[in-house]
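Sharing a model prediction with you, sequence too.
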Amino acid sequence: MITGGTSGIGRAAAIAFAREGARVTFCGRRKTLGAEVEQSILASADGALFVRRRAQRSGRKGLVDFTVAQFGRIDVALNNAGITLEKSLHEYSSAEWDNVLNTNLRGVFFAMKYQFP
C-alpha cells in the first residue's frame, strides 16, 4: 500500500513493487495520473489498484479498508504522500500551511492508525 503513488518516489515504488511480484494499492490526488500508473503496471505485471484519496482521515481509512478487502492484509506500507509549496514559508497563507500539515503529517498519522487497529 503506497500513498502518493501517482508521481515521483511513490510512482517508482509502485512500479518496482509490482515488478517484483507484489500486489499494489496506491493512492493520490490526481485521477488521470493514477490511472496512467495503474495501466503502466498492469501492462507488465499483475496486481495494481489505484484509489483516488487525499490525506484526510476518511481517505486513509478508505485506502486501508480497500487494500485489506482486496488482498486480505497489508504486508508493506509506504506512507509517501507529501506536498510543498514553491515559495518562502513567510508567504504561506494559513490555509496553505494547514494543507501541507494535513498531507505530510496527518496523512501519515491516519494511514498508520488504521493499518494497526
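Good, I have the coordinates.

which residues in the protein form helices?
8-19, 31-44, 57-71, 94-101, 107-115 (DSSP state H).

distance between the ends of stretch 51-62?
9 Å (CA to CA, to the nearest Å).

what do you get for stretch 22-40?
15 Å.

what's the spacing between it and its chain's center?
9 Å (CA atoms, centre = their mean, to the nearest Å).

By mean pLDDT, point me to the weakest helix or strand of this structure.
strand 48-52 (a mean of 71; mean pLDDT, DSSP states H and E).

re the thing from before, would you turn the helices of the chain into JSON lines with mean pLDDT?
Supplementary listing: the helices of the chain in JSON lines, determined by pLDDT from 0 to 100:
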{"stretch": "helix 8-19", "mean pLDDT": "92"}
{"stretch": "helix 31-44", "mean pLDDT": "86"}
{"stretch": "helix 57-71", "mean pLDDT": "81"}
{"stretch": "helix 94-101", "mean pLDDT": "94"}
{"stretch": "helix 107-115", "mean pLDDT": "85"}
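
can you redo those as JSON lines with mean neighbour count?
Yep, even glycine has a C-beta here, placed from its N, CA and C like the rest. Listed next are these as JSON lines, based on neighbours: other CB atoms under 10 Å:
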{"stretch": "helix 8-19", "mean neighbour count": "18"}
{"stretch": "helix 31-44", "mean neighbour count": "15"}
{"stretch": "helix 57-71", "mean neighbour count": "17"}
{"stretch": "helix 94-101", "mean neighbour count": "12"}
{"stretch": "helix 107-115", "mean neighbour count": "19"}
